[in-house]
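**Student:** please work out how this folds:
(one chain, ligands or ions: 1)
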Amino acid sequence: MNRRPSSPVFALVSTLCLAVPWARALDDGQARTPPMGWNSWGHFRCDINEGIIRETTDAMATNGMRDAGYAYIIVDDCWQIARDAEGDILPDPERFPSGIKTLADHAHERGLKFGIYSCAGHKTCQGRPGSRGHEFQDARQYARWGIDYLKYDWCDDGGQNARAAYTTMRDALKATGRSILFHICEWGKNEPWRWGRSVGHLWRTAPDILDAWDVPSPERGLGIAQILDQQVGLEKAAGPGHWNDPDMLMAGNGALGIEQYRAQFSLWCILAAPLIAGCDVRKIQPDVLALLTNKEAIAIDQDPLGKQGRRARDDGDAEVWARDLRDGSIAVALLNRGESATRIALHWEEIALPPDAPAVIRDLWRHQDLGEFRARFEADVPPRATIMVRITRR
Ligand code: GLA
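**Tutor:** Numbering: from 1, shown residues only. Next up is the predicted model:
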């Protein structure tokens, strides 16, 4: 018989669980560090097909990205077209004639993992069939196809309770017996940082990112700097197995300069954000590839302590962001949001170092030790750019 315990101790524990804002983590061993990969939406939007996915897989397996840690190839919206008479989800036969399993196999044979997209509504954001009412059936299909990652969107939500809807899909994925990373994508609308860790491995914290620094109107999404502002204060929610997701990396999409993309990358590393490339990696330029595969920067993002960084100072256009690392060192990004170059200083007290403590500083983009400093460190930061350093106390 399936009886719920009703002792006073149980009642007390339940009450406490409900009262504590940070729910228990899934702790299923996945995503111990922020997931890394590529997602088709960042560059291709709905205009995808199996050739693009296969060629992207091949490029990532050979251009250094896989070896730098980019593990997941994620096919976003528009791969699906209808359901068959049994209700099974069908890929678009014109764009994906070989089917999804073939693409997942292709990725697996090249040492990569494979992700897919669906939505908690009846329809996805592009009007394709969503998973509402088919959660367990879809999850079983994904497992049969060899899917390793599900991004689960929130269009056509029909007034559902977000936590309940995402929990249903979490349970459906779990019931397959396959390890599938679960990406909650409801854009921060229902504060998933309060409940997401018991439901998924990462959750979007903000609207869609656009290939822009700031956008004047937010209808279609936000620029990098605007998304960054929405991350302030969320750092407590992240940790091994459960991450805040400020959305994809825009490097390589072309609307901004390399300094702005480097700024995004640096800050995303400080934020312990998932590193999901969103460009056409088949045609990636050498400077963008070097940016995305900077091992010293990636090591900050993937630091095993898993402690998300924070904004340590906000002086208008000049900001200091800092992240504690497992070896006791501190990663710092000096961000200039303004349109002219400026000198930004970091003071030891902002990163909890005693003022007279000597510390060695390494520039993580120039790959150079800058020497030993006490009390403060200053650098000239170009417009809309970041300097990122690692500070190790002597
Ligand atoms: C939403 C998501 C995006 C993308 C699109 C696809 O807008 O936030 O990341 O998945 O849907 O339609």
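**Student:** hang on, Leu150 is in a strand, isn't it?
**Tutor:** Yes. Judged by DSSP: H, G, I helix; E, B strand; the rest coil, Leu150 forms part of a strand.
**Student:** tell me the spacing between it and the ligand.
**Tutor:** Taking Cβ to the nearest ligand atom, to the nearest Å as the measure, Leu150 falls 12 Å from the ligand. Just so you know, the C-beta spots here come from the backbone N, C-alpha and C atoms, and that holds for glycine as well.
**Student:** thought Cys119 was touching that residue, still the case?
**Tutor:** No. The pair Leu150 / Cys119 is not scored as a contact, 10.5 Å apart, by Cβ atoms under 8 Å.
**Student:** nearest the geometric middle of this protein, what residue?
**Tutor:** For the chain, the residue nearest the mean C-alpha position is Pro274 (2.8 Å; Cα atoms, centre = their mean).
**Student:** how about that one, what does it touch?
**Tutor:** 34-37, 202, 243, 245 (Cβ atoms under 8 Å, 6 or more residues apart in numbering).
**Student:** swap in 7 Å and give it another go.
**Tutor:** By Cβ atoms under 7 Å, 6 or more residues apart in numbering, the residues touching Pro274 are 34-36, 202, 243, 245.
**Student:** could I get the buried residue list for stretch 143-160?
**Tutor:** Across stretch 143-160, burial judged by 16 or more other Cβ atoms under 10 Å covers 143, 145-157.
**Student:** from the residues you listed, which two are the most distant?
**Tutor:** Gly146 and Asp157 (28.6 Å; Cβ to Cβ).
**Student:** mind putting the buried residues of stretch 143-160 in a markdown table, pLDDT included?
**Tutor:** Shown next, in a markdown table, are the buried residues of stretch 143-160 (pLDDT from 0 to 100):
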| residue | pLDDT |
| --- | --- |
| Ala143 | 98 |
| Trp145 | 98 |
| Gly146 | 98 |
| Ile147 | 98 |
| Asp148 | 98 |
| Tyr149 | 99 |
| Leu150 | 98 |
| Lys151 | 99 |
| Tyr152 | 99 |
| Asp153 | 99 |
| Trp154 | 98 |
| Cys155 | 98 |
| Asp156 | 98 |
| Asp157 | 98 |
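**Student:** low pLDDT regions in this protein?
**Tutor:** Residue ranges of the chain with pLDDT under 70: 1-23.
**Student:** quick one: the helices in it?
**Tutor:** 8-19, 41-44, 50-62, 65-68, 100-109, 135-145, 162-175, 224-229, 258-270, 286-292, 295-301 (DSSP state H).
**Student:** who in the protein is up against the ligand?
**Tutor:** Within reach of the ligand by Cβ under 6 Å from any ligand atom, the chain has these residues: 41, 76-77, 117, 124-126, 153, 185, 187, 208.
**Student:** now render these as JSON lines, adding distance to Arg384.
**Tutor:** Output for these, formatted as JSON lines (distance: Cβ to Cβ, whole Å):
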{"residue": "Trp41", "distance to Arg384": "24"}
{"residue": "Asp76", "distance to Arg384": "28"}
{"residue": "Asp77", "distance to Arg384": "30"}
{"residue": "Tyr117", "distance to Arg384": "31"}
{"residue": "Thr124", "distance to Arg384": "34"}
{"residue": "Cys125", "distance to Arg384": "29"}
{"residue": "Gln126", "distance to Arg384": "32"}
{"residue": "Asp153", "distance to Arg384": "30"}
{"residue": "Cys185", "distance to Arg384": "27"}
{"residue": "Trp187", "distance to Arg384": "25"}
{"residue": "Asp208", "distance to Arg384": "20"}
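**Student:** and the residues you listed, which of them are in strands?
**Tutor:** Here DSSP state E is the test, and the residues of the chain next to the ligand give 117, 153 as lying in strands.
**Student:** hmm, which two among the residues of the chain next to the ligand are most spread apart?
**Tutor:** Gln126 and Trp187 (15.5 Å).
**Student:** more neighbours: the two, which one.
**Tutor:** Taking neighbours as other Cβ atoms under 10 Å, Gln126 and Trp187 compare with Trp187 leading, 19 against 16.
**Student:** what does stretch 143-162 contact?
**Tutor:** Counting by Cβ under 7 Å, 6+ apart, 72, 74, 76, 100-101, 104-105, 108, 113-125, 130, 132, 142, 166, 169, 173, 176, 178, 180-187, 189-190 sit against stretch 143-162.
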